[in-house]
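*Asks:* Structure, please.
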Amino acid sequence: MPTRILIAFGTRPEIIKLGPVCRALRERHDVETHVFWTGQHIELAGGLLDLFGITVTHNGAEIMAQPGLAGKFALMMQQIETVLRTVNYDWIVVQGDTATAAAAATAGFLNRVPVAHVEAGLRTGDLASPWPEEFNRRVITLASALHFAPTARAAENLRAEGVPDANIMVVGNTVVDALLFVGKRVAGAYQPIDPVLANLPPEKKLVLATLHRRENIGAPMREVLRALRSLAEDGDKLIALPVHLNPEVRKEVLSILGGAPNVRLLAPLQYPDFVYLLRKAWVVVTDSGGVQEEAPTFGLPILITRETTERPEVIEAGFGRLVGADSQRIVSEVRALTAGDQPQLLSGRNPFGSGDASERIADALLAREGRTARAKVLPL
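*Replies:* Residues are numbered from 1 along each chain as shown. Coordinates of the predicted model:
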């Protein structure tokens, strides 16, 4: 009997981080891998499935049409449960902290299918920041039989919550695997998919910004945007901001940066184009967790526009600084980091791994057969 694995994802970051896992499993013998996609980020997923060679076997239906997070969550669980009852899966694999991951993990637990959690153990200790992701992470931990922690600190968080050490593996973060895979494609004479990127003025110092967190919408996000506008007015810098599709985010961005000189408001980028910008940037201003993991591979300094981060390793390694929504600090920090004639790139290895996390995850899933895990961790 082949090992049967269901991989569930819904958002763009989940596809990026589980894409290398799908590739690694596809190269193994005696593995039958199915994919359930809830479609949380249909507009943002362009090209990613093809990029990683992922075949979606189960599509969520009308999930995003449901009003409210609770309604979407409930329908996700219901549809994933239907799939789990059609095949005797050995594992259901989820990643990160999204509604898809929490719903799939809960459905797996309630149907006695062992859950493997990729990127387990991240914590801020504050249920309101990030919201609702911190809540989702804790739910997934309770439901999981196998925890793939990206760092030793994440593993320690799990142990502190009573997760048995035997059920924790420190493997690194799969986003590094994805970044190295795509980085090879954008090296050399890469032609960006978005034609706007091909015409960025090379004499400008590129500041790459991303903003999307729910808890920052409103006054905090406006402060960050005002800082970016001030930096653009310096004249020597170019602000590149892929604008999130959330209508509230778009409204805030356009109201402050719309028509501003030295600002490029971009459509959501396909992943190779985003990696292309990372390679060209001098500094990153972001509230994204994933970007905190990606930028260190290129030695980029990261200004984190949040009050907390569940990835403290990026700060300890010297790549990241928490600046919150302090407009004056953001401006002064970016100016300091772009003061010279060359980017102030940082040395040191990425604290989130070296690019072999997916292989280690695939090996572990096959070594610990789900039927054994089902009997040992989730007794019937």
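*Asks:* For stretch 212-223, which residues meet the burial criterion?
*Replies:* Neighbour counts using 16 or more other Cβ atoms under 10 Å place 212, 213, 215, 216, 217, 220, 221, 222, 223 of stretch 212-223 among the buried residues. For the C-beta atoms, the positions are set from N, CA and C on the backbone; glycine is no exception.
*Asks:* who's in contact with residue 246?
*Replies:* If a contact means Cβ atoms under 8 Å, 6 or more residues apart in numbering, then residue 246 has 212, 217 as its contacts.
*Asks:* show me the contacts for residue 180.
*Replies:* Under the criterion of Cβ under 8 Å, 6+ apart, the neighbours of residue 180 are 297, 355.
*Asks:* Okay, it and residue 346: tell me how far apart.
*Replies:* For residue 180, the distance to residue 346 equals 18 Å [Cβ to Cβ, to the nearest Å].
*Asks:* what do you get for residue 218?
*Replies:* Residue 218 sits 32 Å away from residue 346, taking Cβ to Cβ as the criterion.
*Asks:* just residue 338 next, same as before
*Replies:* In this structure, residue 338 and residue 346 are 14 Å apart, going by Cβ to Cβ.
*Asks:* These two - which one has more neighbours?
*Replies:* residue 338 (21 against 15; other Cβ atoms under 10 Å).
*Asks:* Tell me how many other residues surround the residue nearest to residue 47 when sequence neighbours are not counted.
*Replies:* The shortest distance from residue 47 to any residue that is not its chain neighbour, by Cβ to Cβ, 6 or more residues apart in numbering, is 4.4 Å, and that residue is residue 270. For residue 270, the neighbour count with other Cβ under 10 Å is 20.
*Asks:* care to break the chain down by domain?
*Replies:* Listed by automatic domain parsing, the domain ranges of the chain are 3-172+355-377, 190-337.
*Asks:* would a markdown table of those domains with mean pLDDT and distance to residue 184 be doable?
*Replies:* Formatted as a markdown table, the entries for the domains of the chain read as follows, by pLDDT from 0 to 100; distance: least, Cβ to Cβ, whole Å:
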| stretch | mean pLDDT | distance to residue 184 |
| --- | --- | --- |
| domain 3-172+355-377 | 93 | 11 |
| domain 190-337 | 95 | 10 |
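*Asks:* same for the helix or strand where residue 73 lies, what does it pack against?
*Replies:* Mapping residue 73 onto the secondary structure by DSSP states H and E places it in helix 68-84. Helices and strands touching helix 68-84, by 3 or more Cβ pairs under 8 Å, 6 or more residues apart in numbering; DSSP states H and E, are strand 3-9, strand 31-37, helix 99-110.
*Asks:* quick one: which of those is nearest residue 190?
*Replies:* strand 3-9 (26.2 Å; Cβ to Cβ).
*Asks:* Could I get the buried residue list for the following helix or strand past the closest one?
*Replies:* On the C-terminal side of strand 3-9, the closest following helix or strand by DSSP H and E is helix 12-26. Within helix 12-26, the residues that count as buried by 16+ other Cβ under 10 Å are 12-25.
*Asks:* Could you name the helices and strands sitting against helix 12-26?
*Replies:* Short answer (3+ Cβ pairs under 8 Å, 6+ apart): helix 12-26 packs on strand 3-9, strand 31-37, helix 48-51, strand 91-95, strand 115-118, helix 174-183, helix 289-294, helix 357-367.
*Asks:* still on that earlier bit, which residues sit against the helix holding residue 73?
*Replies:* Outside of helix 68-84, the residues within contact range by Cβ under 8 Å, 6+ apart are 6, 8, 10, 34, 36, 38, 58, 60-64, 66, 92, 99-100, 102-104, 106-108, 110-111, 113, 132.
*Asks:* Comparing the helices and strands packed on helix 12-26, which comes out most buried?
*Replies:* Sort the helices and strands packed on helix 12-26 by mean neighbour count, taking mean count of other Cβ atoms under 10 Å, and strand 91-95 sits at the top with a mean of 29.
*Asks:* Does anything pack onto that strand? Which helices or strands?
*Replies:* For strand 91-95, the packing partners by 3+ Cβ pairs under 8 Å, 6+ apart come out as strand 3-9, helix 12-26, helix 99-110, strand 115-118.
*Asks:* Need these in JSON lines (columns: distance to residue 167).
*Replies:* Output for the helices and strands packed on strand 91-95, formatted as JSON lines (distance: least, Cβ to Cβ, whole Å):
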{"stretch": "strand 3-9", "distance to residue 167": "17"}
{"stretch": "helix 12-26", "distance to residue 167": "18"}
{"stretch": "helix 99-110", "distance to residue 167": "14"}
{"stretch": "strand 115-118", "distance to residue 167": "10"}
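*Asks:* Nearest to residue 328, out of those?
*Replies:* For the helices and strands packed on strand 91-95, the distance to residue 328 is smallest for helix 12-26, at 30.4 Å, taking Cβ to Cβ.
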